[in-house]
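K.L.:
Following is a predicted model, sequence given first.
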Amino acid sequence: MNERQRLGRIRAHLERRALIFESVRSFFRSAGFTEIETPLRTPAVAPESQIVPFESEGWYLSTSPELYMKRLLAAGYDRIFQISRCFRKGERGRWHNPEFALLEWYRKGGNHLDMIADTEQLVGAVARSLGMGHTLPYQGRRIDLSPPWPLFPIRSLFREIVGWDPLVVDDPVRFDTDLVTRIIPALPPERPAVLTDYPASMASLARLSAADPASAERAEVFIGGLEIANAFSELTDPGEQRERFSKENEEIRRQGRRPPPDPHPFLEALPYLPPSGGIALGMDRLVMLFCDAASIDEVMAFPHEWA
Amino acid sequence: MAIDIGDVHKNSKLLINGVPYNVDEMEFMKPGKGRAVYRLRLRSLIDGVGIDMTYHSGDRVEEAPVTTCEMQYLYKEDDQYIFMNSQTFEQHPLSDKAIGDNKYYLKEGVTVTGMMLGDTLIGITPPTFIELTAVQVAVSTKTDTHTAQMKTAVMETGLTVGVPSFVTEGDIIKIDTRTGTYVERTGKKR
């Protein structure tokens, strides 16, 4: 297959992609959100041991706009969204491209479940804009998108399917392996699934649950087996944030990599960050769902090997 | 040589417990904030047996020193097939078991692609098309010439193929080695 044939074959997907981006923007505009742009090239990224950034003349290509979005929240911007390009080294597969489109939005006063409620509305609005009802045909299944989407607390899901409790046993390697190889394939195929109450060690930038500090206020949306979005009740405690960053840096060093410099402006803004909810949604995967595409390559004009 | 799992791709050759494998399929899966999980479907380059393996980001795997070269089939001795590297003229044996059904495509002097693991020949790929002489052809049972009647024929190498009814003993037949099927009659042995 040459480039002209390839681009001809995915043309309908790219046209649909453009419509989806348009309806996402109009959804947020009518909900009172402001569209923001933040730097793609940045002096510091959030240290995340499982995400490898590309370096650029001593700076980095953005791995996510999260830190900038929170600096805006801290300055009083209360409803903001952004569709940006993100770059993550080595992430390539049927659902991954090293450069991809990420949608993030934040709500002052919201929590992780408010962000899931937004996502239900957003996905419904996109479906309507494409002339579809609540049923999404994807890879031979019919997925019922009507809200509310069922919640699956991590603890009961793991106990039931793989027979261990990740809130008691802290084993991130086993967690990630079981999650992708056994838990996700076992989720009910005909409905979106929202995984909630992640182990505290997998909190990332989410705050710990007040009710159960062994778990974090983090929720992930899966549709048709695809991980679509990751929501947090944002961590606002500067002390705890510094501690988590230094843990990540330690792990980055252990892997033989050089940690990024501390993101000082973010850390300085953190004391002003009001309680907020935030979420990141993979736009390419959302387009995959609405195009019934099995691979991310079918919804991108120029994926990695064709760039 | 040990390489990072992130540098493995489809059709990489890996050495696991001394056995060389081809990476037939590779699935990259990664929870948003979690470790990458690589699921590999591997096929042994020795006996074709498939296995599934799971790796994580940061794992290192052994790359198999597999190379290919042009080889000429010389002769068979006991249960060994003897091939010669067309460039170095070194001779390498391949066992009856390792060669499998490819033995039906070997005529003395035919050029094949050899797969080497270090200095050892571990497999061959015959040319896509070869010509063989039919040595035994079933008698056509029907006289209806309007439909394509196929019958079986045995080639000089022992290969059995379905051929059209007009093929007779001594005909030279072109065969697609990927499918083991008849392509056309190209001549008759004199």
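P.N.:
In hand now; what should we look at? Numbers count the residues shown, from 1 in each chain, chains lettered A, B, ... in the order given.
K.L.:
centroid residue for chain B?
P.N.:
Taking Cα atoms, centre = their mean, the centroid of chain B lies closest to residue B:125, which sits 4.1 Å from it.
K.L.:
ok, and the closest non-adjacent residue to that one?
P.N.:
Setting aside the residues directly before and after it, residue B:125 is nearest to residue B:113 in space (Cβ to Cβ, 6 or more residues apart in numbering or on different chains), at 4.4 Å. In short, each C-beta sits where N, CA and C put it, glycine included.
K.L.:
I'd guessed the one you found sits against residue B:68; true?
P.N.:
Yes. Under the criterion of Cβ atoms under 8 Å, residue B:113 is in contact with residue B:68, at a separation of 5.5 Å.
K.L.:
Identify the residues contacting residue B:86.
P.N.:
Neighbouring residues of residue B:86 by Cβ atoms under 8 Å, 6 or more residues apart in numbering or on different chains: B:69, B:70, B:71, B:72, B:111.
K.L.:
Please identify the one among those residues that lies nearest to chain A.
P.N.:
Nearest to chain A among these: residue B:69, at 27.7 Å, using Cβ to the nearest Cβ.
K.L.:
Mind jotting down where the strands sit in the stretch 101-250 of chain A?
P.N.:
A:135-138, A:141-144, A:151-153, A:193-199, A:215-223, A:226-233 (DSSP state E, counting those that start in this stretch).
K.L.:
can you redo those as JSON lines with distance to chain B, mean neighbour count and mean pLDDT?
P.N.:
Converted to JSON lines, the strands of the stretch 101-250 of chain A look like this (distance: least, Cβ to the nearest Cβ, whole Å; neighbours: other Cβ atoms under 10 Å in any protein chain shown; pLDDT from 0 to 100):
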{"stretch": "strand A:135-138", "distance to chain B": "18", "mean neighbour count": "17", "mean pLDDT": "97"}
{"stretch": "strand A:141-144", "distance to chain B": "19", "mean neighbour count": "13", "mean pLDDT": "97"}
{"stretch": "strand A:151-153", "distance to chain B": "14", "mean neighbour count": "17", "mean pLDDT": "97"}
{"stretch": "strand A:193-199", "distance to chain B": "9", "mean neighbour count": "23", "mean pLDDT": "96"}
{"stretch": "strand A:215-223", "distance to chain B": "7", "mean neighbour count": "24", "mean pLDDT": "96"}
{"stretch": "strand A:226-233", "distance to chain B": "5", "mean neighbour count": "25", "mean pLDDT": "96"}
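K.L.:
for these, which one sits closest to residue A:253?
P.N.:
With Cβ to Cβ as the measure, strand A:193-199 is the member of the strands of the stretch 101-250 of chain A nearest residue A:253 (23.0 Å).
K.L.:
What's the local residue count around residue B:65?
P.N.:
13 (other Cβ atoms under 10 Å in any protein chain shown).
K.L.:
Assess the claim that it and residue B:115 are in contact.
P.N.:
No. Applying Cβ under 8 Å as the test, residue B:65 and residue B:115 come out as separate, 11.2 Å apart.
K.L.:
Neighbours of the closest residue to residue A:242 other than its chain neighbours, how many?
P.N.:
Nearest non-adjacent residue to residue A:242, counting by Cβ to Cβ, 6+ apart: residue A:267, 6.7 Å away. Look at residue A:267: counted by other Cβ under 10 Å, it has 15 neighbours.
K.L.:
Ok, residue A:306 next?
P.N.:
Neighbours of residue A:306 (other Cβ under 10 Å): 11.
K.L.:
now residue A:4
P.N.:
Residue A:4: 8 neighbours (other Cβ under 10 Å).
K.L.:
Now for it: which residues touch it?
P.N.:
No contacts exist for residue A:4 under Cβ under 8 Å, 6+ apart.
K.L.:
Which residue does the stretch 1-150 of chain A have closest to chain B?
P.N.:
For the stretch 1-150 of chain A, Cβ to the nearest Cβ, closest residue to chain B: residue A:93, 2.8 Å.
K.L.:
how deep is that residue tucked in, by neighbour count?
P.N.:
Neighbourhood size, residue A:93 [other Cβ under 10 Å]: 16.
K.L.:
how about the nearest residue to residue A:10 once chain neighbours are set aside, secondary structure?
P.N.:
Counting by Cβ to Cβ, 6+ apart, the nearest residue to residue A:10 once its immediate chain neighbours are dropped is residue A:298, at 5.5 Å. Per DSSP: H, G, I helix; E, B strand; the rest coil, the secondary structure class of residue A:298 is helix.
K.L.:
just residue B:124 next, same as before
P.N.:
Following three-state DSSP, we place residue B:124 in the strand state.
K.L.:
State the pLDDT value of the residue lying closest to it once chain neighbours are set aside.
P.N.:
Among residues not flanking residue B:124 along the chain, residue B:112 sits closest, at 4.5 Å (Cβ to Cβ, 6+ apart). pLDDT, residue B:112: 96.
K.L.:
who in chain B is up against chain A?
P.N.:
Listed as neighbours of chain A in chain B under the rule Cβ under 8 Å from any Cβ of the partner chain: B:6, B:26-37, B:39, B:54, B:56-58.
K.L.:
picking up where we left off before, tabulate the contacts of residue B:86 (CSV), appending secondary structure and neighbour count.
P.N.:
Shown next, in CSV, are those (DSSP: H, G, I helix; E, B strand; the rest coil; neighbours: other Cβ atoms under 10 Å in any protein chain shown):
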residue, secondary structure, neighbour count
B:69, strand, 17
B:70, strand, 12
B:71, strand, 25
B:72, strand, 17
B:111, strand, 13
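K.L.:
quick one: which of those residues is nearest residue A:24?
P.N.:
residue B:69 (54.4 Å).
K.L.:
quick one, helices of the stretch 201-307 of chain A?
P.N.:
A:238-254, A:264-269, A:283-291 (DSSP state H, counting those that start in this stretch).
K.L.:
which phi and psi does the closest residue to chain A within chain B have?
P.N.:
Nearest residue of chain B to chain A, counting by Cβ to the nearest Cβ: residue B:28, 2.8 Å away. Reported as degrees, to the nearest 10, the phi and psi values for residue B:28 are phi -100, psi 120.
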